[in-house]
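>>> 3D model of this:
(4 chains)
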2 protein chains.
Amino acid sequence: MTFRYKYPRAALTVDCVVFGLDANDLKVLLIQRDIHPYRGKWALPGGFVRIDETLEAAARRELWEETGLDKVYLEQLYTFGAVERDPRERVVTVAWTALVRLSDHRVKAATDARAAAWFALDDLPELAFDHPQILRMAQVRIQAKVRYQPIGFELLPKKFTLTQLQTLYEIILNRRLDKRNFRKKILSLDVLRELDEVEANVSHRAARLFRFDVSRYRQRLQEGVNFEI
Amino acid sequence: MTFRYKYPRAALTVDCVVFGLDANDLKVLLIQRDIHPYRGKWALPGGFVRIDETLEAAARRELWEETGLDKVYLEQLYTFGAVERDPRERVVTVAWTALVRLSDHRVKAATDARAAAWFALDDLPELAFDHPQILRMAQVRIQAKVRYQPIGFELLPKKFTLTQLQTLYEIILNRRLDKRNFRKKILSLDVLRELDEVEANVSHRAARLFRFDVSRYRQRLQEGVNFEI
DNA sequence: GTAACTTAGTGTAATATATACACTATTGGA
DNA sequence: TCCAATAGTGTATATATTACACTAAGTTAC
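Numbering: from 1, shown residues only, chains lettered A, B, ... in the order given. Take a look at the predicted model:
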């Protein structure tokens, strides 16, 4: 069975830039291609959009099929439509950015048996298609975003220490932050809830745990608070 | 002649949200549909992406064909892919935002004879498809953007007064700004070049004209200046 | 030609925000 | 019990933002 159209149509795909925080590195999840073109090269997880699913649903489905991830935070990044970006035929791709708690998502064997692995951003393998460009845009976007939204809670465990949060900001912004000023600022936003718990199994003074308070965040947003770090 | 594919494919379109500044109003350019569906309703200018043109090229071409505008500032907004957004068949649209100097672009009769007209944002006609949603997103985006980028020079004549610039900011942000503080701030950004000219044909003291200095803007960006108003 | 009208253009003081900076507290392990 | 490691804390200074009102210059109407 084939489908016929009066004019030629581009194929439509989605690709996901999945960021995960691994101790002191921001990593990105890639899969190794097992088919032509770019066979053996690494690529962003993604695939074709079905005729009866939304773009976001397609991104979630592909992510699940190729990497076993689900229920991740997803945000549309940009749509790439250079004419020759896929050597086979015209393919337009809607790129998405996902943030995941790497601790929650140890990489499972992908369900369709392709290799999936986390790579540090400064140690990437050769990528297929225009995926270097997509990845670069995702990185720029997350850097810009972290400045005016308390993003990044998606990347940390649900309970985290202020040092972990600061380290995350330092990794994304790629510069050192002053500990006292960072704490002062982040606490003044009033979107964290201090817990009656401290971290366990550390061989030094244990740090207080915090949790992100979404409802307080929404309130602050409405009041127009400036989240710039 | 028909084109055949193994799987069904969505049609791919572009739509443009064209903002123009008209004295004291931010307006948007719409065209009246002359064909089914939504015949007679107003819609964003746009149309199908050809197989051999980029998304941006498609947006520029449609804008030219439907409204006679060219050489406008264009920026990708978002891609809309709800399954039923077009009643005929699956259509995914890549939306773009354009900013134009309304003074440069008095609406010509559109080349394909459809009516095109500027509408104030608070006095819109009924719109086709999910265009209300697209327009709303464009408005939110431009409001956010004006805060951290000296945008809006695209909307003004090349030579403009500080009062015109302030009025533009007030329209986009939808709040009054203090004249002295606005001037202090905008001049401190050091991206305007003061000209040896004043406005003509006004029945009161003539204001000094300024021009946006792109190369200084680039320098400031690199130095990491904060453009927030 | 002068008074009235209209918009341009200007500075300062008060307040809020951001930055720079170094020591004590707590816990685990040797 | 001492050492190692990280948590946790405050203050003074610099910078940025805000609030606020008058004089300047050109045009028009009398």
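
>>> what does chain A have sitting close to chain B?
By Cβ under 8 Å from any Cβ of the partner chain, the part of chain A that sits against chain B consists of A:2-12, A:48-56, A:76, A:78-79, A:81-83, A:90, A:92, A:94, A:148. In this view, the C-beta of every residue, glycine as well, is placed from N, C-alpha and C.

>>> what subset of these is buried?
Burial of the residues of chain A next to chain B was assessed by neighbour count (16 or more other Cβ atoms under 10 Å in any protein chain shown); the buried members are A:8-12, A:49-50, A:53-56, A:76, A:78-79, A:81-83, A:90, A:92, A:94.

>>> now, which of these lie close to DNA strand D?
By Cβ under 7 Å from any atom of the strand, no member of these lies near DNA strand D.

>>> tell me which of these fall in helices.
The helices, defined by DSSP state H, take in A:55-56 from these.

>>> just to check, A:Asn171 is in contact with A:Leu26?
Residue A:171: Ile, not Asn. Yes. A:Ile171 is within contact range of A:Leu26, at 5.0 Å (criterion: Cβ atoms under 8 Å).

>>> give the bridge partners for the nearest residue to A:Phe80 once chain neighbours are set aside, please.
Using Cβ to Cβ, 6 or more residues apart in numbering or on different chains and skipping residues adjacent in sequence, the residue nearest A:Phe80 is A:Thr93, 5.2 Å away. Counting by DSSP bridges, A:Thr93 forms beta bridges with A:Thr13, A:Phe80.

>>> which residues does A:Thr93 contact?
A:12-15, A:46, A:79-81, A:85, A:134 (Cβ atoms under 8 Å, 6 or more residues apart in numbering or on different chains).

>>> ok, so of those, who is nearest DNA strand C?
Using Cβ to the nearest atom of the strand, A:Ile134 comes nearest to DNA strand C of the contacts of A:Thr93, at 31.3 Å.

>>> secondary structure class of the closest one, three-state.
Three-state assignment for A:Ile134 (DSSP: H, G, I helix; E, B strand; the rest coil): helix.

>>> so which strand or helix has the closest residue to DNA strand C within chain A?
DNA strand C sits closest to A:Arg205 of chain A, with a gap of 2.6 Å, by Cβ to the nearest atom of the strand. According to DSSP states H and E, A:Arg205 maps onto no helix or strand at all.

>>> what about it, neighbour count?
Using other Cβ atoms under 10 Å in any protein chain shown, A:Arg205 has 7 other residues around it.

>>> ok, the one 5 residues further on next?
The local packing count at A:Phe210 equals 23, with neighbours defined by other Cβ under 10 Å.

>>> which SS class is A:Ala58?
helix.

>>> repeat that for A:Arg180.
helix.

>>> now A:Gln143
A:Gln143 is classified as helix under three-state DSSP.

>>> how near is the closest residue to A:Ala11 other than its chain neighbours to A:Trp64?
Counting by Cβ to Cβ, 6+ apart, A:Ala11 lies nearest to A:Val91, which is 4.6 Å off, once chain neighbours are set aside. Distance from A:Val91 to A:Trp64, counting by Cβ to Cβ, to the nearest Å: 21 Å.

>>> just want to know which of those two has more residues nearby.
Neighbours per residue, other Cβ under 10 Å: of A:Val91 and A:Trp64, the larger number sits with A:Val91, 19 against 16.

>>> that one against A:Glu84, yeah?
No. A:Val91 lies out of contact with A:Glu84 (Cβ under 8 Å); the separation is 9.9 Å.

>>> which residues are contacting the worst-scoring helix or strand of chain A on mean pLDDT?
Ranked by mean pLDDT, DSSP states H and E, the weakest helix or strand in chain A is helix A:214-223, scoring a mean of 86. Contact with helix A:214-223 is made by A:150, A:189-191, A:193, A:227, as judged by Cβ under 8 Å, 6+ apart.

>>> most neighbours among the contacts of A:Thr93, which one?
A:Val14 (30 neighbours).

>>> so who does the residue nearest to A:Ala11 touch?
So A:Val91 contacts A:10-13, A:85 (Cβ under 8 Å, 6+ apart).

>>> and the residues you listed, which is closest to DNA strand D?
Distances from DNA strand D to the contacts of A:Val91, taken by Cβ to the nearest atom of the strand, are shortest for A:Arg85, at 40.6 Å.

>>> roughly how far apart are that closest one and A:Leu189?
40 Å.

>>> now swap in A:Glu228 and tell me
Counting by Cβ to Cβ - A:Glu228 and A:Leu189 are separated by 10 Å.

>>> same deal with A:Gln222?
Distance of A:Gln222 to A:Leu189, computed by Cβ to Cβ: 14 Å.

>>> which phi and psi does A:Trp96 have?
phi -130, psi 150 (degrees, to the nearest 10).

>>> isn't it right up against A:Leu74?
Yes. Using Cβ under 8 Å, A:Trp96 is in contact with A:Leu74, at 5.3 Å.

>>> which of the two has more residues huddled nearby?
Higher neighbour count among A:Trp96 and A:Leu74: A:Trp96, with 28 against 19, using other Cβ under 10 Å.

>>> which residues does that one contact?
Contacts of A:Trp96 by Cβ under 8 Å, 6+ apart are A:14-17, A:56, A:59, A:74-77.

>>> ok, for it, nearest residue in space, not its chain neighbours?
Using Cβ to Cβ, 6+ apart, the closest residue to A:Trp96 is A:Ala59 (4.5 Å).
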